[in-house]
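Enquirer: how would this look folded up:
(4 chains)
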Number of protein chains: 2
Amino acid sequence: MTGSGNISTGTSTPPDRGPATSIWEVARAAGVSHQTVSRVINGKPHVKAETRALVLATIEELRFTPNRAAQALAGGPVRSVTVLTADTAAYGYASALRGIEEAARTVGFTVGISVLEPDAVLGAQEVIERLSGGRAAIVIAFEAAGTRALAALPPDYPVVGVVERPAAGHASDGRPQVWIDDREAASRATRHLLGLGHRSVHYLSIPSSTQVLSQRTQGWQDALTAAGRPVPPLRSAGWTPRSGYLAARELVADREVTAILAGNDDLALGVLRAAREAGRDVPGNLSVIGFDDAPQSAYLAPALTSVRLDFEGLGRAGFGLLHNLVDPQSAPVPSTWAEPELILRESSGPAPR
Amino acid sequence: MTGSGNISTGTSTPPDRGPATSIWEVARAAGVSHQTVSRVINGKPHVKAETRALVLATIEELRFTPNRAAQALAGGPVRSVTVLTADTAAYGYASALRGIEEAARTVGFTVGISVLEPDAVLGAQEVIERLSGGRAAIVIAFEAAGTRALAALPPDYPVVGVVERPAAGHASDGRPQVWIDDREAASRATRHLLGLGHRSVHYLSIPSSTQVLSQRTQGWQDALTAAGRPVPPLRSAGWTPRSGYLAARELVADREVTAILAGNDDLALGVLRAAREAGRDVPGNLSVIGFDDAPQSAYLAPALTSVRLDFEGLGRAGFGLLHNLVDPQSAPVPSTWAEPELILRESSGPAPR
DNA sequence: CACGTGACAGGGAGCGGTAACATCAGTACC
DNA sequence: GGTACTGATGTTACCGCTCCCTGTCACGTG
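Expert: Sure, this is the predicted structure:
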């Protein structure tokens, strides 16, 4: 079943590294010293305006680009960040990565990426190798592998965690992190369902990043408890539609279950299918709400009610925080990203009477 | 509507770059010269077995990791690759990236990433800046921005294109590339629909990476022509469910249209919704087939018939090709990845009579 | 008019590696 | 036994850049 696709090797050219222009050439061309060129590149003071302009023009003309390796080696400012993340295909991860990359690119940072296998238990040594010389990192720690990687890093290494929730109780270890406060959002979604007349709401969770309950889970419990309803047992699933489907089959078979909150939209999709197969009508006699509001969700059948989460903004803020960390000169983080919002669509409705 | 989420700055530690262990320290500890250490690191000959073992042990003990920047600066072998890609959230891109990253990581390569904005028209200069010192690159060029970036790179720069189709006719410019041969797959999907009794098949395409027709489009035309059917006008859409939905509304309103082949699964999802809204029954009186076979597709309502494409394998092969390019010593590319396969599900069926 | 002062500019030493060349055995050969 | 060769090491010169430190100039000041 293999052997398809195609390859064209092209005219194999050896990695010919020509005489890349260096600051020396720029200096010579501009009639100044290499040091002055360096000052101009780094926007340092003590360079006369006209000299600066001249150098800048020369750089432009020679199409000179500073050698990153040399800058890093010579102890220049940090200008790169390595992102440690789990599967980049999942919507939340991909979006956060996108936000990080965008923010990094606009300030001239290079972004490296290394994916953490779900079951990887890396020692400090291995995690550092993943960073491969990077001098700063961002760890997207929505699940255990990320949390472990974050913990494995030396305490003085510049890193910020993009996490599911702050490691409260666990003595937040003083590491900078950003997170979406979705506890209230989960509560709101739950209350919305309760308000629709459902006697209870069942929660199908995504894997937890720690041993304790996630914010979403807590928000769900909060709402249930506040309404005086018993909290049904927590159901755990993975990240994929398949996993949601498998976990939901049992749930949908129980007619007492009329409302399901799923940890993310993919899970919700699986729930939707399980419901269909079990002859349940959504939203007729079963309501389903997801988290993330992926681009697909509005087009599903039925269109999925979902909690919109601004992962991209989260990623941007995470990078901003890191930037502040490695360069105190940098602009303060725009600590503002869209707050979770419940997007009502077709998959949720009044409880069956 | 902003201001949610949360930030913890932690105990702000300045970017303290301690005295990283260098090969000199290893050399001293092992009682050899730094050059011998270098030889060991790079697996070069002319080192006695016991000396090698000693150095290796010392490296292990000191937790030494070679400084990438220094290696790069000193003209060592290429050990990093920059991936230029469009939106990482789209399934095909994300999967290909995943394949590249995985293959790169297993051979110790670092992978950088830079995303190309859809409308970005970058000059050679800008593209090179994106590479930021990298000495090798992979461009995922499924659309125009990627194709342009690929073209903008200097002809002698080590780069491989992961493309939609070879730039045939356009004098393939002798650059190494990998692609999935999905022309036949598109043909097969079309023939399948024709075989089900549909008088014609309409194609809703994703954006093209060039001005000419894509392989998928051609495969679709091939099958239609071979069957003696007229080729309906080509419909173009974007990449998202929304774009598929918008483009399909007109199509589904036409009762003559009984089979739609969509350029990817997201588009197909949009088509499905448009069909539902138009009162068309899938597969009752409209069949829909997508491309990609994303993880969600099997769970949609109706489950989507789709052409499974092995983007991950493609990415792996692309990296392998690059590896061969920069390091002739490297193992030859496993030129084998899964061939496109039509996965029959619920969204396709006999033509309405 | 000599001197301090600050803004500019240049020189030189690394950063941590690799490549090329120089040494120095130990072995092979005539 | 002397020369040639070969494998194992050490020595030296960069790679391209940034830091630290030393000059140089034009002012202002006493």
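
Enquirer: From now on I want contacts and neighbour counts done on CA atoms only, so please keep to that.
Expert: Fine.

Enquirer: Angles on the backbone of the closest residue to residue A:352 other than its chain neighbours, please.
Expert: Counting by Cα to Cα, 6 or more residues apart in numbering or on different chains, the nearest residue to residue A:352 once its immediate chain neighbours are dropped is residue A:285, at 5.0 Å. Comment: the main-chain dihedrals of residue A:285 come out as phi -130, psi 10, following degrees, to the nearest 10.

Enquirer: Count the residues that sit near residue A:285.
Expert: Counted with other Cα atoms under 10 Å in any protein chain shown, the burial measure for residue A:285 works out to 20 neighbours.

Enquirer: again, but for residue A:48
Expert: Residue A:48 sits with 11 neighbouring residues when counted by other Cα under 10 Å.

Enquirer: For residue A:69, the count of nearby residues, please.
Expert: When neighbours are counted by other Cα under 10 Å, residue A:69 registers 21.

Enquirer: what's the helix or strand for it?
Expert: Assigned by DSSP states H and E, residue A:69 belongs to helix A:68-73.

Enquirer: what are the pairing partners of the helix or strand just after that helix, and which direction each?
Expert: Using DSSP H and E, the next helix or strand after helix A:68-73 towards the C-terminus is strand A:80-85. Looking at strand A:80-85 with DSSP bridges, its partner strands are strand A:110-115 (parallel), strand A:137-141 (parallel).

Enquirer: Quick one: closest of those strands to DNA strand D.
Expert: Comparison of these against DNA strand D by Cα to the nearest atom of the strand identifies strand A:110-115 as nearest, at 14.8 Å.

Enquirer: List the residues that contact the nearest residue to residue A:249 once chain neighbours are set aside.
Expert: Residue nearest to residue A:249 in three dimensions, not counting chain neighbours: residue A:274, with 5.3 Å by Cα to Cα, 6+ apart. The neighbours of residue A:274, taking Cα atoms under 8 Å, 6 or more residues apart in numbering or on different chains as the test, are A:245-246, A:248-249, A:252.

Enquirer: Please tabulate these in TSV, including the columns pLDDT and secondary structure.
Expert: What follows is those, written out as TSV (pLDDT from 0 to 100; DSSP: H, G, I helix; E, B strand; the rest coil):
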residue	pLDDT	secondary structure
A:245	98	helix
A:246	97	helix
A:248	97	helix
A:249	96	helix
A:252	96	helix
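
Enquirer: most neighbours per residue, which of the strands paired with strand A:80-85?
Expert: Of the strands paired with strand A:80-85, the one with the most neighbours on average (mean count of other Cα atoms under 10 Å in any protein chain shown) is strand A:137-141, at a mean of 27.

Enquirer: Only the C-alpha atoms, please, for it, written as CSV.
Expert: What follows is the C-alpha trace of strand A:137-141 in CSV, where atoms were taken according to Å, rounded to 0.1, in the frame of the first residue of the first chain:
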residue,chain,number,x,y,z
ALA,A,137,11.2,28.7,25.3
ILE,A,138,7.5,28.6,25.5
VAL,A,139,5.8,25.3,26.6
ILE,A,140,2.2,24.7,25.6
ALA,A,141,1.2,22.6,28.5
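
Enquirer: How many residues are close by residue A:50?
Expert: One way to gauge burial is a neighbour count; for residue A:50, by other Cα under 10 Å, it gives 9.

Enquirer: Please identify the buried residues of the one helix or strand it maps to?
Expert: Following DSSP H and E, the helix or strand that holds residue A:50 is helix A:49-62. By neighbour count, with 16 or more other Cα atoms under 10 Å in any protein chain shown as the criterion, the buried positions of helix A:49-62 are A:51-52, A:54-56, A:58-59.

Enquirer: Could you list the low-confidence segments of chain A?
Expert: In the prediction, chain A carries residues with pLDDT under 70 at positions A:1-5, A:9-20, A:166-173, A:211, A:334-336.

Enquirer: Break it down into its structural domains.
Expert: Domain ranges of chain A: A:23-66, A:80-180+A:311-326, A:183-309, per automatic domain parsing.

Enquirer: End to end on the first one, go ahead and measure it.
Expert: One end of domain A:23-66 sits 7 Å from the other (Cα to Cα, to the nearest Å).

Enquirer: Can you give the distance of it from its chain's centre?
Expert: In terms of Cα atoms, centre = their mean, to the nearest Å, the centre of domain A:23-66 is set 38 Å apart from its chain centre.

Enquirer: right, is it up against chain B?
Expert: Yes - contact between domain A:23-66 and chain B is present through A:63, A:65 (criterion: Cα under 8 Å from any Cα of the partner chain).

Enquirer: on that earlier part again, want to throw the strands paired with strand A:80-85 into TSV with distance to residue B:102?
Expert: As requested, these are arranged in TSV below (distance: least, Cα to Cα, whole Å):
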stretch	distance to residue B:102
strand A:110-115	8
strand A:137-141	18
